[in-house]
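Visitor: sequence first, predicted model second:
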Amino acid sequence: MEQPRQLLEWADRILVFEEAQAEELKAMWPRAPKRPINLSISSHYGHGDEALKRLILERAARYLD
């Protein structure tokens, strides 16, 4: 498995659900080449929730090629 730093450098974009996740990444790797993009999605959804899947696709669409 690749190291997290390598993955951060490899990724075109880094998408997170909540600001806390973005802040954690920034704290762990303050000089990471890219900043996380917060999709502002609450963690109250259950695993495999269809509404969550739709919301992810809707909010992430503009960041995907």
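Guide: Structure's in. What do you need?
Visitor: only C-alpha atoms for contact and neighbour calcs from this point on.
Guide: OK.
Visitor: state the distance from the nearest residue to Pro36 once chain neighbours are set aside to Lys26.
Guide: Nearest non-adjacent residue to Pro36, counting by CA to CA, 6 or more residues apart in numbering: Ile14, 4.7 Å away. Per CA to CA, to the nearest Å, Ile14 is found 11 Å from Lys26.
Visitor: now do the shared contacts for these two.
Guide: Residues touching both Ile14 and Lys26 (CA atoms under 8 Å, 6 or more residues apart in numbering) are Arg35, Pro36.
Visitor: now do the same contact list for the residue nearest to Pro36.
Guide: Here Ile14 is in contact with Leu8, Lys34, Arg35, Pro36, Ile37 (CA under 8 Å, 6+ apart).
Visitor: just among those, which is most surrounded?
Guide: In terms of neighbour count, Pro36 stands highest of the contacts of Ile14 at 20 neighbours, by other CA atoms under 10 Å.
Visitor: wait, that residue sits on Ala22?
Guide: Yes: contact status for Pro36 versus Ala22: in contact at 5.5 Å, counting by CA atoms under 8 Å.
Visitor: any common contacting residues for those two?
Guide: Val16.
Visitor: ok, now how distant is Arg31 from Pro4?
Guide: 13 Å.
Visitor: any idea of the pLDDT on Pro33?
Guide: Pro33 carries a pLDDT score of 78 in this model.
Visitor: do the same with Lys26
Guide: pLDDT at Lys26 comes out at 89.
Visitor: could you pull out the helices for the protein?
Guide: Taking DSSP state H, the helices of the chain run over residues 4-10, 19-28, 50-60.
Visitor: dump these to TSV, plus distance to Ser43.
Guide: Shown next, in TSV, are the helices of the chain (distance: least, CA to CA, whole Å):
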stretch	distance to Ser43
helix 4-10	23
helix 19-28	11
helix 50-60	9
